[in-house]
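Colleague: Requesting a structural model of the entry that follows:
(chains A and B)
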Amino acid sequence: MKNQYRLPDMRNLGVILRILILVNLLLALAAFSSSTSTSDFFLQLMRISALAQPTLLLGLLMLYSAESALQKRSFVAHLMTSFTIVMVSSCAVHQLFAASGIFSDLPSLGRVLLSSASIFTICVYYFQLLHRAHSPAVMEARLQALQARIRPHFLFNSINAVLSLIRSQPKQAENALQDMADLFRVLMADNRELVPLAQEIGLSRQYLALEKLRLNERLNVHWQVDNMPPDALIPPLILQPLIENAVYHGVEPLAEGGTISIQIYTQANEIHLILKNPNHAQTQLHQGNKMALNNIKERLALHFDLEASLTSTQNQAEYIVHIRLPHQRNRRSV
Amino acid sequence: MMLKVLIADDETPARSRLKDLLTDIGNIEVCGEASNGIEVITLAEKLKPDVLLLDIRMPKMDGIEAARHLQTLAQPPAVIFTTAYDTHALAAFEMSAVDYLLKPIRLERLQVALHKAGKLLPTQLSEINKLSAKRTHLSISERGRISLVPVAEIIYLRAELKYVTVRTAQHEYLIEASLTQLEQEFGNTFIRLHRNCLVAVAYISGYEKRSIAGHQEKQWVALLKDVPDTVIISRRQQHLIRHTP
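Modeller: As a prediction, this is how the structure comes out:
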């Protein structure tokens, strides 16, 4: 069971963004309450910002660098260290400004430290509330509910295909049943933990082998995965449901068949998954497609917040899904 | 007397599974195999099967629409639908007692279905028609043969007495239908430029004012791609000109 109290991961873009917005709102509020007119408000805001923004940025930078060391500590140690870092950065910026003498009306060090401490407390409290809203129990319930569901259409058609093989090609039927067992083991497993990318690709290949059984030469798959990190951690069942959609909506309705292309690569510490399938008239209107995409979107958000995204685009010839997620090598808690 | 059965499924393994089962039952001749809805119609017309085992989800034209077109044959085959999973269609089949089999198909169930298979009744047909909300083809039956006209190739539909003229780049066909029903079915593809005429939006190349025999004033007409014909735009529909390129 995870600890009830936890400080946020300071290396997460979403967390940093939230702090920047929250602190700036507080600064604007402070400027507003001490101003007498609109023009005075902007003057006040600029005055406060000149001192506060460098402090904020320095603090964030220091917390960001210290994060990997702090994450392993207890909540209290983590909290105390973070508080100290904020105080030190406030002090440092204040001293720097005092020494340079740019400000004629620099507030006293005591006032600055008290303001920083209050803002720090408000931020910690805000993240506690957020953490409780996303508490393990709530999160796990949501992830559980979001577990990908395979299409019954696929299950029954595959069983039918295997039945047709048993008399004439028993060996192939054996292989197909083994693939199905593996696939359903994953589908029915507890899928809340991140898994290595290579595992998801293996699963997708097994799934495609089964579809190939039914669709034969109508299904062509083009893999471009030479430049992918097999050990990167991704939420399970991110790729397989997308391929299932591509087969169902993109390839099956074509009498002459079609090609699905899957491209995975890393760039600037991010993993990109790009999946393309033939596009035609009624492809994307289906409810099932929307549901699978929303499901994956939500699971990406639960795991990576703003650091991951899923976009789908289409043109005359192709329907394209693009997933972007951080390249993560070690497990970290949700 | 051997029972003549036509199998229609886009998946090869599904067809071979059905053939295995039909061989097990015995006294059955599999007279042909189709892998899409259009093939079903060509083969059914040529081979005149007694029973058609018809998969619902197929490329080019689905089984539901194929069954609908087949009814214009003088001797349509008895139809047994097959599907792996289609809650929507199954509910309708249950309601109207249309024969269907769930894949994977059991030998006993297939036997029973073949035994009682009969022609689709008018009530069952109207229920099935609801399932193919928008056909991909119109069918014209001439001397026991079915000609399929892809909806995408139709330039305009013009009502004349109790018939509707279907105009494509190459041909003109007459079908028995109501323009109002066609408008409801293909509302997005065609617009009603005149009381008696539905024109495919994709085939309109421009508009012009012309003198027309039988009209005193010059009339707005729509110019069409691929054919020299023009369609008069009735006064009430002239606002449409402004909304279409």
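Colleague: Just the element for B:L53, please.
Modeller: When secondary structure is defined by DSSP states H and E, B:L53 falls within strand B:51-55.
Colleague: Does that strand reach chain A?
Modeller: No: on the criterion Cβ under 8 Å from any Cβ of the partner chain, strand B:51-55 is out of touch with chain A, staying 10.0 Å away. C-beta here means a position set from N, CA and C on the backbone, and glycine is covered the same way.
Colleague: Break the chain into its domains for me.
Modeller: Since you didn't name a chain, this refers to chain A. Using automatic domain parsing, the domain parsing of chain A gives A:13-133, A:136-326.
Colleague: my bad, the chain I had in mind was chain B
Modeller: B:3-131, B:154-242.
Colleague: Which among those domains is found nearest to A:N269?
Modeller: domain B:3-131 (42.0 Å; Cβ to Cβ).
Colleague: what's the most buried one of the domains of chain B?
Modeller: Of all those, domain B:3-131 carries the top mean neighbour count, a mean of 19, counting by mean count of other Cβ atoms under 10 Å in any protein chain shown.
Colleague: And it, end to end?
Modeller: Its start and end residues considered, domain B:3-131 measures 29 Å (Cα to Cα, to the nearest Å).
Colleague: ok, and the closest non-adjacent residue to residue 209?
Modeller: Unless you meant another one, I'm taking chain A. Using Cβ to Cβ, 6 or more residues apart in numbering or on different chains and skipping residues adjacent in sequence, the residue nearest A:A209 is A:D179, 5.5 Å away.
Colleague: looking at chain B here, not the other one
Modeller: B:K218 (4.6 Å).
Colleague: Quick check: that neighbour touching B:I233?
Modeller: No: assessed by Cβ atoms under 8 Å, B:K218 is found out of contact with B:I233, at 11.9 Å.
Colleague: Next, the residue lying farthest from the centre of chain B: secondary structure please.
Modeller: The C-alpha centroid of chain B is most remote from B:Q216, which lies 41.3 Å away (Cα atoms, centre = their mean). Put simply, B:Q216 is coil when judged by DSSP: H, G, I helix; E, B strand; the rest coil.
Colleague: pLDDT wise, what is it at?
Modeller: Looking at B:Q216, its pLDDT is 82.
Colleague: Give me the helix or strand of chain A that scores worst on average pLDDT.
Modeller: helix A:136-145 (a mean of 67; mean pLDDT, DSSP states H and E).
Colleague: any chance you could map the helices in the stretch 151-300 of chain A?
Modeller: Listed from the start of the chain, the stretch 151-300 of chain A has helices (DSSP state H, counting those that start in this stretch) covering A:152-168, A:170-188, A:197-215, A:240-245, A:287-304.
Colleague: any idea which of these is most buried?
Modeller: helix A:240-245 (a mean of 23).
Colleague: what does it contact?
Modeller: Applying Cβ atoms under 8 Å, 6 or more residues apart in numbering or on different chains, the contact partners of helix A:240-245 are A:148, A:150-151, A:154, A:200, A:203-204, A:207-208, A:260, A:262, A:275, A:277, A:288-289, A:292-293, A:295-296, A:321, A:323.
Colleague: Give me the subset of those that also touch chain B.
Modeller: A:R151.
Colleague: on that earlier part again, so of the domains of chain A, which one's packed in deepest?
Modeller: When the domains of chain A are compared using mean count of other Cβ under 10 Å, domain A:136-326 is most buried, at a mean of 17.
Colleague: what's A:D231 in contact with, if anything?
Modeller: Contacts of A:D231 (Cβ under 8 Å, 6+ apart): A:196-198, A:329.
Colleague: Now it. Its backbone dihedrals?
Modeller: Reported as degrees, to the nearest 10, the phi and psi values for A:D231 are phi -90, psi 0.
Colleague: mind checking how far it is from A:L239?
Modeller: Computed as Cβ to Cβ, to the nearest Å, the A:D231 to A:L239 distance reads 16 Å.
Colleague: ditto for A:L306
Modeller: 21 Å.
Colleague: which strands and helices sit next to the helix or strand containing B:Y173?
Modeller: Under the criterion of DSSP H and E, B:Y173 resides in strand B:172-175. When contacts are defined as 3 or more Cβ pairs under 8 Å, 6 or more residues apart in numbering or on different chains; DSSP states H and E, strand B:172-175 sits against strand B:137-142, strand B:163-167.
Colleague: rerun at 10 Å
Modeller: Strand B:172-175 sits against strand B:137-142, strand B:145-150, strand B:156-160, strand B:163-167, with contacts defined as 3 or more Cβ pairs under 10 Å, 6 or more residues apart in numbering or on different chains; DSSP states H and E.
Colleague: Is it possible to get JSON lines of these that adds distance to A:L187?
Modeller: Formatted as JSON lines, the helices and strands packed on strand B:172-175 follow (distance: least, Cβ to Cβ, whole Å):
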{"stretch": "strand B:137-142", "distance to A:L187": "38"}
{"stretch": "strand B:145-150", "distance to A:L187": "40"}
{"stretch": "strand B:156-160", "distance to A:L187": "48"}
{"stretch": "strand B:163-167", "distance to A:L187": "48"}
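Colleague: what about the ones you listed, which gets the closest to chain A?
Modeller: strand B:145-150 (12.3 Å; Cβ to the nearest Cβ).
Colleague: which strands and helices sit next to the closest one?
Modeller: helix B:37-47, helix B:63-70, strand B:137-142, strand B:172-175.
Colleague: Give me the distance from the helix ranked longest in chain A to the chain's centre.
Modeller: Using DSSP state H to define each element, chain A has its longest helix at helix A:38-70. Relative to its chain's centre, helix A:38-70 lies at 27 Å (Cα atoms, centre = their mean, to the nearest Å).
Colleague: The closest residue to B:L54 other than its chain neighbours and chain A: what is the separation?
Modeller: Of all residues not flanking B:L54 in the chain, B:G63 sits nearest, at 4.3 Å (Cβ to Cβ, 6+ apart). Remark: distance between B:G63 and chain A (Cβ to the nearest Cβ, to the nearest Å) = 13 Å.
Colleague: can you check B:A97 too?
Modeller: 23 Å.
Colleague: separation between the nearest residue to that residue once chain neighbours are set aside and chain A?
Modeller: The shortest distance from B:A97 to any non-neighbouring residue, by Cβ to Cβ, 6+ apart, is to B:Q124 (6.9 Å). Plainly put, B:Q124 is 24 Å away from chain A if you go by Cβ to the nearest Cβ.
Colleague: check which helix or strand covers B:Q124.
Modeller: helix B:122-131.
Colleague: Measure how that helix sits relative to helix B:63-70, angle-wise.
Modeller: 130 degrees (axes from the mean of the first three to the mean of the last three Cα atoms, to 10 degrees).
Colleague: tell me what helix B:122-131 is packed against?
Modeller: helix B:63-70, strand B:78-83, helix B:87-96.
Colleague: rerun at 8 Å
Modeller: By 3+ Cβ pairs under 8 Å, 6+ apart, helix B:122-131 packs against helix B:63-70, helix B:87-96.
Colleague: now those helices as TSV including distance to B:E39?
Modeller: Converted to TSV, the helices and strands packed on helix B:122-131 look like this (distance: least, Cβ to Cβ, whole Å):
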stretch	distance to B:E39
helix B:63-70	9
helix B:87-96	20
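Colleague: Quick one, which of those helices gets closest to A:P235.
Modeller: Taking the helices and strands packed on helix B:122-131 one by one with Cβ to Cβ, helix B:87-96 is closest: 28.9 Å.
Colleague: Show residues contacting the following helix or strand past the closest one.
Modeller: Note on helix B:87-96: by DSSP H and E, the next helix or strand toward the C-terminus is strand B:100-102. Here strand B:100-102 makes contact (Cβ under 8 Å, 6+ apart) with A:156, B:53, B:80-84, B:89-90, B:93, B:109-110, B:113.
Colleague: List just the nearest of those residues to A:L219.
Modeller: Using Cβ to Cβ, the contacts of strand B:100-102 come closest to A:L219 at B:A84, 16.7 Å.
Colleague: That closest one: what's its closest spatial neighbour, skipping adjacent residues?
Modeller: In space, B:A84 is closest to A:F156, 3.8 Å off (Cβ to Cβ, 6+ apart).
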